[in-house]
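*Asks:* Whatever this is, show me its structure:
(one chain, ligands or ions: 1)
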Amino acid sequence: MTLSIWRYAHLALAIMSSLFLLILSVTGVILAIDAVNEKVPAYRVKNFESLNVAQSVSALRKVYPEIIEVSVDHNQFVSVDALDEEGNTVKAYIDPLSGQILGSFKTKSQFIQWVTALHRSLFLKETGRIIVGVVSFLLLLITFTGTILILKRQQGIRHFFAKIQKDFFSQYFHVISGRLLLIPVFIISLTGTYLFLVNVNLLGKEGRQTVSKNKYNDKSGQKVEDFEIFKQTKLSKVEKIEFPFDSEDPEEVYVLKLRDRMLSVNQTDGSIQEETKYPSTVILEKLSLDLHTGRTNVLWAIILGIASLNIVFFMYTGFVITFKRSRTRVKNKYKADEAEIVILFGSENGSTLFFANQIHKQLLADGKTSFLAEMNQYQRYSKARHILVFASTYGLGDAPSNAGNFERLIEKYPQDHTVRFSVIGFGSTSYPDFCSYAVYTDQLLDKQSWASRFLPLHTVNDKSLEEFVSWVHHWSEKSLMALATAPAVYSFKAEGLRQLQVVERTQLSGDNTTFKILLKPSSKIKFKSGDLLAIYPANNNRERFYSIGESNGLIQLVVKLYPNGFGSGFLYQLEKGQCIQARVMFNPHFHFPEKAPAIAMIANGTGIAPFLGMILSNSRKKPVHLYAGFRYDNELTQDYRRFAEKSISQQQLKSFKLAFSREEQRQYVMDLIQQDAGFFLDLLRKEGVIMICGSLNMQKDVERVLEQLSLEQNDRPLSYYKDRNQILTDCY
Ligand SMILES: Cc1cc2nc3c(=O)[nH]c(=O)nc-3n(C[C@H](O)[C@H](O)[C@H](O)COP(=O)(O)O)c2cc1C
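*Replies:* Reported below is the predicted structural model:
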């Protein structure tokens, strides 16, 4: 059976029994503590194991003139029901050799009685007992399916106890404690089921009873201490000894109740008159009760308590695992044969799907036709230009369960046109076969005649956001499709929603289609220029990102209004005083580089937003040079000029250069860079930083110019400076 069937069976059983299981395990913990507590008074005598019935009976007979019965309970405490010399009734725990009273009987507290009833029948009498029985049986099945899941995970019985890598806490704990407490939980559920079957008479207590009768022997007048059967029987094997009512009447007998049988012993000669063997169901019932309650052994009671407590944690961690696995729902806006970008994921526990979905959602938001599916759903994609494969690795470098058929499908459905492919592997270096399924998939695609490599295989260790974002950067820059590169966008723990109030929003005018909006957080939030703001225009999970410029503790966005723009339209209709819900996404890669000796900022369009904030907060007066490109010289750019003049006078900005692409003297930021080539080369040589924010096309052109200059005059490719974090980009 495939992994997923076992997994679904395990989950379905857990869901069905969860509420009752919770009650049973919590009450089970309490009863286990009670079982340990019970043994605390310690009425068990030291040499108990070596005592036999003959020793005890003869001794007690000397102390108590009349004995009704002597009992040995599951704690191995001996008690007597007798009359003493003065004719007083004695019902107490005693020393079986001296008859000395050790303690009086204690009845269970009201609370324990209440817990016991809840544990046995949920206060629902017969119905409750049936529910408890069924839940015990379900727990048995859960233990079984869980064992199979561990076996599959560990690749067979040989590695059953091999090291478990920590993926995330709940999963680690679930597997580790599952493996450790497998046997106690199995015993709890098996014995619970058995007791239920006996209880509802499904097994029948009567069974077979072998009865044998002996005649009197010829040793009448023997003393009790010489009775062979009494000498042979250890007190520890006894449950009860009923004494003859009349010591003179030879017809009256001792009744010796042992765990597995009952003997009638002649009181004059010690012969066995009758032996009744209990049916195996009764013996098994007692054994089940001992094992289920831990009443006979403190250590076992403690183990049972831990196992019961663990069932509660099992339930919690199991549901966390399930939640994680299913938290991302695949939603497609386009059909497989309409999509230009096809994202395939191979994910077992959902994190790879989460990453894939974050990319999918952004592409859709950007108007791209993206399609997201499991690797096992691979088919022909008639319009695909890009296939992105997000593949995790499991087992010994194997495919996750929803990618097992990928290889077969690839052979079966060759694409009929060239499609560019990129593979991102998710794995962990703590496994010997790091990302090997992704490596395999990458090679598999590389072999296909229709597939053309777009990027080299990229691997991500332990879901590292840094490593993933690095791939996002590369793919976005090369494909010119905008994707957010703030790690927070791909974090599993979403930042909390914050309320922001509109403080100011500028108007559009003439050929200026860009507006500024200032937002005030209603509670204290930490943010810096370069972070992102995620807004939710439709109050659902469709989000839009904007670069933040910090302006005196306020969030300043510079937004271009698009016709029917989902995000920009929403922001433009906001009035002063209105409030919105948004999330601040930390983007440490694009913060002001405090340690750099000098900084050049290159922007086009709305990409200027974070730079305005960074300049405003340049209190240490670092030399900052701003280069910005716009289409027209209009009211907005006049505003930027005024801002720059003020900043230059306050030494927060060193220089400001503008290029206009639709004015008389057509210029782009690249031209400004060419003009100041010497400055840029010197900046790079002296460990200065170049920050680029704006369109991906502009970034590509700027990098091309810088690459050429650097190769010619600094003898180094631009990647040399990129690797040293001297080129920081945030483009869309
Ligand atoms: C049982 C198990 C086996 C794994 N085996 C490997 C492996 O062989 N190689 C590897 O690189 N990662 C291995 N991993 C790590 C996962 O591939 C990695 O955590 C991945 O990010 C999980 O993605 P998912 O949440 O989408 O399933 C294993 C993880 C688990 C839980």
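
*Asks:* Now do the buried residues in whatever helix or strand Ser189 lives in.
*Replies:* Following DSSP states H and E, one finds Ser189 within helix 182-199. Using 16 or more other CB atoms under 10 Å as the test for burial, helix 182-199 gives 182, 184-199. (Each C-beta comes from the backbone N, C-alpha and C, glycine too.)

*Asks:* and the stretch 51-200 of the chain, which of its residues are near the ligand?
*Replies:* 153, 167 (CB under 6 Å from any ligand atom).

*Asks:* Return the residues in contact with Ile101.
*Replies:* Residues near Ile101 by CB atoms under 8 Å, 6 or more residues apart in numbering: 90, 92-94.

*Asks:* Can you tell me how far it is from Asn88?
*Replies:* 11 Å (CB to CB, to the nearest Å).

*Asks:* Just the terminal-to-terminal distance for stretch 397-411.
*Replies:* 21 Å (CA to CA, to the nearest Å).

*Asks:* Now whatever residue of the stretch 401-550 of the chain ends up closest to the ligand. Nearest residue, chain neighbours left out?
*Replies:* Closest to the ligand within the stretch 401-550 of the chain is Gly427: 2.2 Å, counting by CB to the nearest ligand atom. Excluding the flanking residues, the one nearest Gly427 by CB to CB, 6 or more residues apart in numbering is Cys435, at 3.7 Å.

*Asks:* just Leu291 next, same as before
*Replies:* Using CB to CB, 6+ apart, the closest residue to Leu291 is Thr191 (4.8 Å).

*Asks:* And for Arg666?
*Replies:* Leaving aside its chain neighbours, Arg666 sits nearest to Phe660 (7.4 Å; criterion: CB to CB, 6+ apart).

*Asks:* in stretch 715-723, what's buried?
*Replies:* For stretch 715-723, the neighbour count (16+ other CB under 10 Å) marks 718, 721 as buried.

*Asks:* What of stretch 38-54?
*Replies:* Buried-residue list, stretch 38-54, by 16+ other CB under 10 Å: 38-39, 43-45, 48, 51-54.

*Asks:* ok, now stretch 68-75?
*Replies:* 70-75.

*Asks:* Would you convert the residues you listed into JSON lines that also reports pLDDT?
*Replies:* Below are those laid out as JSON lines (pLDDT from 0 to 100):
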{"residue": "Val70", "pLDDT": "97"}
{"residue": "Ser71", "pLDDT": "96"}
{"residue": "Val72", "pLDDT": "96"}
{"residue": "Asp73", "pLDDT": "93"}
{"residue": "His74", "pLDDT": "91"}
{"residue": "Asn75", "pLDDT": "90"}
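
*Asks:* so Asn697 touches Leu480, yeah?
*Replies:* Yes: using CB atoms under 8 Å, Asn697 is in contact with Leu480, at 6.2 Å.

*Asks:* all helices for the stretch 51-200 of the chain, in order.
*Replies:* Ranges of helices within the stretch 51-200 of the chain are 53-63, 110-121, 125-153, 169-180, 182-199, based on DSSP state H, counting those that start in this stretch.

*Asks:* what residues does the stretch 251-400 of the chain put near the ligand?
*Replies:* For the stretch 251-400 of the chain, the residues in contact with the ligand (CB under 6 Å from any ligand atom) are 347-353, 392-397, 400.

*Asks:* CSV please, covering those and showing secondary structure.
*Replies:* Output for those, formatted as CSV (DSSP: H, G, I helix; E, B strand; the rest coil):
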residue, secondary structure
Ser347, coil
Glu348, coil
Asn349, coil
Gly350, coil
Ser351, helix
Thr352, helix
Leu353, helix
Ser392, strand
Thr393, coil
Tyr394, strand
Gly395, coil
Leu396, coil
Gly397, coil
Pro400, coil
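
*Asks:* Now do the same for the closest residue in space to Gly553 that isn't next to it in sequence: helix, strand or coil?
*Replies:* In space, Gly553 comes closest to Lys520 once its chain neighbours are excluded; the distance is 7.9 Å by CB to CB, 6+ apart. Of the three states, Lys520 takes strand under three-state DSSP.

*Asks:* what pairs with Lys520 across the strands?
*Replies:* For Lys520, the beta-bridge partners are Gln501 (DSSP bridges).

*Asks:* One more: Lys516?
*Replies:* Val558.

*Asks:* May I have the phi/psi pair for the residue of the stretch 601-732 of the chain found nearest the ligand?
*Replies:* Nearest to the ligand, among the residues of the stretch 601-732 of the chain, is Asp723, at 25.0 Å (CB to the nearest ligand atom). Main-chain dihedrals, Asp723, degrees, to the nearest 10: phi -60, psi -20.

*Asks:* repeat for the one 5 residues further on
*Replies:* Listed backbone geometry of Leu728 is phi -110, psi 130, with angles given as degrees, to the nearest 10.

*Asks:* again, but for the one 3 residues further on
*Replies:* For Cys731, the backbone dihedrals are phi -120, psi 160 (criterion: degrees, to the nearest 10).

*Asks:* Same question for Ala391.
*Replies:* According to degrees, to the nearest 10, Ala391 has phi -120, psi 130.

*Asks:* Might you list the low-confidence residue ranges for this protein?
*Replies:* For the chain, the stretches flagged by pLDDT under 70 are 1-2, 204-220.

*Asks:* can you map out the strands along the stretch 251-400 of the chain?
*Replies:* Secondary structure of the stretch 251-400 of the chain (DSSP state E, counting those that start in this stretch): strands at 253-258, 261-266, 272-277, 341-346, 370-374, 386-392.

*Asks:* Now tabulate the ones you listed in CSV and tack on mean neighbour count.
*Replies:* Shown next, in CSV, are the strands of the stretch 251-400 of the chain (neighbours: other CB atoms under 10 Å):
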stretch, mean neighbour count
strand 253-258, 20
strand 261-266, 20
strand 272-277, 17
strand 341-346, 26
strand 370-374, 23
strand 386-392, 26
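
*Asks:* Could you dump the ones you listed into CSV with distance to Arg704 added?
*Replies:* Listed next are the strands of the stretch 251-400 of the chain as CSV, based on distance: least, CB to CB, whole Å:
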stretch, distance to Arg704
strand 253-258, 94
strand 261-266, 96
strand 272-277, 95
strand 341-346, 25
strand 370-374, 28
strand 386-392, 22
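
*Asks:* Fine by me, thanks again.
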